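Trainee: Have a look at this prediction, sequence included:
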Amino acid sequence: DVKVTQSSRYLVKRTGEKVFLECVQDMDHENMFWYRQDPGLGLRLIYFSYDVKMKEKGDIPEGYSVSREKKERFSLILESASTNQTSMYLCASQPYGYQYEQYFGPGTRLTVT
Amino acid sequence: SQQGEEDPQALSIQEGENATMNCSYKTSINNLQWYRQNSGRGLVHLILIRSNEREKHSGRLRVTLDTSKKSSSLLITASRAADTASYFCATDRGGADGLTFGKGTHLIIQP
């Protein structure tokens, strides 16, 4: 079975802190994604990557950056956390190409105070 | 931008009844996928239907796709309490930018 793990289930940070969210997948998938999920807004794509060291902006990249130094690991970075970044963050991986499902991690619920 | 929109936003039925959720989208797609999310957890893939398919079954799930109306429906037959979850449709437009998700239907199965 594909396994996607995220470094924390729950995280509480202070405004202005630098925050790292880690995601690791064990199926050698090329594509990896970061979403945030908010009530009433559904899932929105922040960034995605289709190869090591490659990254593309999604629909809401402002305030975030990403890093993909190894194929299995995709990190989301909040350079200076703000309260409006309080959210559920979901990572997903997918084999390269079309017509494939995405495999999601359990999510990280981040609270910025 | 949001591509899929689920309808209804919330649905409550008795155990054993069938549950139907609908999804509408705006642009042409390669495939449409349905996911389930239990409270506070990650999403789990349920079924994928390609743009050239009209209907697909998987266990108690039946998905239809009408590309002329840009709509899809998910039917869960003989519902169980464990089916209580949020259900999302997601469209794949065929680019490298992944899926676009709707806001979901929250399904509650009353025992």
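Mentor: Cool, got the structure.

Trainee: Could you use CA atoms for every contact and neighbour count after this?
Mentor: Will do.

Trainee: Residue A:77 against residue A:68, yeah?
Mentor: No - the pair formed by residue A:77 and residue A:68 falls short of the contact definition of C-alpha atoms under 8 Å, at 11.2 Å.

Trainee: more crowded one of these two?
Mentor: With neighbours defined as other C-alpha atoms under 10 Å in any protein chain shown, residue A:77 and residue A:68 compare such that residue A:68 has more, 20 against 17.

Trainee: residues contacting that one?
Mentor: A:49, A:51, A:52, A:53, A:54, A:55, A:74, A:75 (C-alpha atoms under 8 Å, 6 or more residues apart in numbering or on different chains).

Trainee: Can you tell me how far the fourth one is from residue A:7?
Mentor: Separation of residue A:53 from residue A:7 (C-alpha to C-alpha, to the nearest Å): 20 Å.

Trainee: does the most centrally placed residue in chain A belong to a helix or a strand, and which?
Mentor: Of all residues in chain A, the one closest to the mean position by C-alpha atoms, centre = their mean is residue A:34, 2.8 Å from it. Remark: residue A:34 resides in strand A:31-38, with elements defined by DSSP states H and E.

Trainee: Residue A:75 and residue A:66, how far apart?
Mentor: Separation of residue A:75 from residue A:66 (C-alpha to C-alpha): 5 Å.

Trainee: Revised request: answer the last question for residue B:4.
Mentor: Per C-alpha to C-alpha, residue B:4 is found 26 Å from residue A:66.
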